[in-house]
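J.: Sequence first, then the predicted structure:
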Amino acid sequence: MDFFNKLGKKASETYQVTKEKTVKFSEEMKLRSKINDAKNKITDLYEEIGQCVYNQFKTNLEEGKEDIANKCEEIAQQFDEISKLETQILSLKEVKKCTKCGEEIGTKDAFCSKCGKEQLQTEKVEVKVEVQQEPKDIQEAEVTQIKNVEEPSNEENTKNEEE
């Protein structure tokens, strides 16, 4: 019986490892898909900018510069998004990039295996966040009619305060 218990335990452990790897792989593929979408968006924006520049050249007008600037800003945002997604992929794979050559290395590696550059060591810091719950006794009220009520003038207010 001991043999079957060990076999069952080993099968369970193998299943857990496989499950974790599958989840990580799936997440990585989702991130890579988002990166490809962002790259396609950048290509489309480049094309739109080219069309705007050509139209400006063709008509000799200064119009459209604002549109081009907006598209350039959108391209910069897409590059930022790609960078964030690539960082998430590295984190998922539990690797980092060498600060000198860009080679992927283990997060705990002190030196790059390609160029030998010493790497900065990062420490994980746990942050505790307290979430305050909103009061549950909030009741909604509906205003159906508002009457015009005149406020007393300043003279009447000062008289009332003096008394």
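T.: Looks like it came in fine. Numbering: from 1, shown residues only.

J.: domain ranges for this protein?
T.: Domains of the chain are assigned by automatic domain parsing as 1-93, 98-132.

J.: By mean pLDDT, show me the worst of those.
T.: Among the domains of the chain, domain 98-132 carries the lowest mean pLDDT, a mean of 75.

J.: circling back to that earlier point, out of the domains of the chain, indicate the one that is most buried.
T.: domain 1-93 (a mean of 12; mean count of other C-beta atoms under 10 Å). To be clear about C-beta, it is placed using only N, CA and C from the backbone, and glycine gets the same treatment.

J.: can you pull out the strands in the protein?
T.: Taking DSSP state E as the criterion, the chain contains strands spanning 95-97, 104-106.

J.: Make a markdown table out of the ones you listed and add distance to Y15.
T.: Shown next, in a markdown table, are the strands of the chain (distance: least, C-beta to C-beta, whole Å):
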| stretch | distance to Y15 |
| --- | --- |
| strand 95-97 | 25 |
| strand 104-106 | 26 |
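
J.: Ok, which of those strands comes nearest C115?
T.: Nearest of the strands of the chain to C115, taken as C-beta to C-beta: strand 104-106 at 10.0 Å.

J.: Can you show me the helices along the chain?
T.: All helices of the chain, identified by DSSP state H, fall at 2-59, 65-93, 154-162.

J.: Which among those helices is found nearest to T99?
T.: Nearest to T99 among these is helix 65-93; the distance by C-beta to C-beta comes to 13.2 Å.

J.: between the closest one and helix 2-59, how big is the angle?
T.: 170 degrees (axes from the mean of the first three to the mean of the last three C-alpha atoms, to 10 degrees).

J.: Would you mind measuring from E86 to G102?
T.: 11 Å (C-beta to C-beta, to the nearest Å).

J.: Kindly apply the preceding question to C115 instead.
T.: Relative to G102, and taking C-beta to C-beta, C115 is found at 9 Å.

J.: Please apply the same query to L90.
T.: 11 Å.

J.: How about D67?
T.: 35 Å.

J.: how about S113, what does it touch?
T.: Applying C-beta atoms under 8 Å, 6 or more residues apart in numbering, we find S113 in contact with 103, 105.

J.: Might one say that G64 is in contact with N55?
T.: Yes. The pair G64 and N55 passes the contact test of C-beta atoms under 8 Å, sitting 6.5 Å apart.

J.: What number of residues are in the vicinity of K96?
T.: Counted by other C-beta atoms under 10 Å, the residues lying close to K96 total 19.

J.: nearest residue to it other than its sequence neighbours?
T.: Residue nearest to K96 in three dimensions, not counting chain neighbours: T107, with 5.3 Å by C-beta to C-beta, 6 or more residues apart in numbering.
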